[in-house]
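[1] Coordinates for the following, if possible.
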Amino acid sequence: MIVKNLVNVQDSLIENVSLIAVSKTKPASDIQTLYDAGQRAFGENKVQELVEKYEVLPKDIEWHLIGHLQSNKVKYIAPFVHLIHGVDSFKLLKEINKEGVKCNRIIPCLLQFHIAQEETKFGFSFEEAQEMLESNEFVELQHVAIHGVMGMASFTEDENQIHEEFQTLHNYFQLIKSHFFKFNSDFKEISMGMSGDYKIAMEEGSTMVRVGSSIFGSR
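    I've put the predicted structure just below:
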């Protein structure tokens, strides 16, 4: 069933949009099933769960940490994580850089922006991100690579609002690209859209959708 769901979601994607199968709370056996069907990118919310699955599953899986990341947990995923989506503070980015130094690797990250109307969502304001990117301290971080932006829309039935919030993130991406990453081909990802709104996200320029329940079933 989950393989059929995976194929249905894959078939609904537009060109140049990559799929992160969000496997949080799901057993490693489900991930293995989708891996055997060709899926390689999986997203987890919690560090401990991500590490446990990394230990027992094939090593060519691309692991995406999509949840809120605490600074004291970075060290557990720094050696292998493929992309950290939720970088929502300068403090966290500096910690990721520090662990990157220890692992001797450059860790790819996305800057998470607060685009929803809900207070509970994490993320930079545009001004905060701009201030960080303009700082000398940011330029000195040699073991992180900013590959784009990430955001979550409000949990609402109002599709116009979701469109507007995703448009906001797309605008942030373009502004940051033109000001800070104009000649950096790695800065190309807009991670937005989940099971309920990924089709809207694709219309608004998403390059990466994080889909869980439409593949694995509801939690």
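[2] C-alpha only now, for contacts and for neighbours.
    OK.
[3] can you count the residues close to Thr156?
    Using other Cα atoms under 10 Å, Thr156 has 13 neighbouring residues.
[4] and the gap between it and Ile84?
    26 Å (Cα to Cα, to the nearest Å).
[5] can you give me how far stretch 92-100 is from the chain middle?
    17 Å (Cα atoms, centre = their mean, to the nearest Å).
[6] got the residue ranges for the strands in this protein?
    In the chain, the strands defined using DSSP state E lie at 18-22, 41-44, 62-65, 83-87, 107-113, 144-151, 189-191, 208-211.
[7] Note down every partner strand of the fourth one and its orientation.
    When you say that, I think you mean strand 83-87. If you go by DSSP bridges, strand 83-87 pairs up with strand 62-65 (parallel), strand 107-113 (parallel).
[8] JSON lines for the strands of the chain, including mean pLDDT, distance to Tyr54 and mean neighbour count?
    Shown next, in JSON lines, are the strands of the chain (pLDDT from 0 to 100; distance: least, Cα to Cα, whole Å; neighbours: other Cα atoms under 10 Å):
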{"stretch": "strand 18-22", "mean pLDDT": "98", "distance to Tyr54": "14", "mean neighbour count": "23"}
{"stretch": "strand 41-44", "mean pLDDT": "98", "distance to Tyr54": "10", "mean neighbour count": "24"}
{"stretch": "strand 62-65", "mean pLDDT": "98", "distance to Tyr54": "8", "mean neighbour count": "23"}
{"stretch": "strand 83-87", "mean pLDDT": "97", "distance to Tyr54": "14", "mean neighbour count": "26"}
{"stretch": "strand 107-113", "mean pLDDT": "98", "distance to Tyr54": "17", "mean neighbour count": "25"}
{"stretch": "strand 144-151", "mean pLDDT": "98", "distance to Tyr54": "21", "mean neighbour count": "24"}
{"stretch": "strand 189-191", "mean pLDDT": "98", "distance to Tyr54": "22", "mean neighbour count": "27"}
{"stretch": "strand 208-211", "mean pLDDT": "98", "distance to Tyr54": "19", "mean neighbour count": "24"}
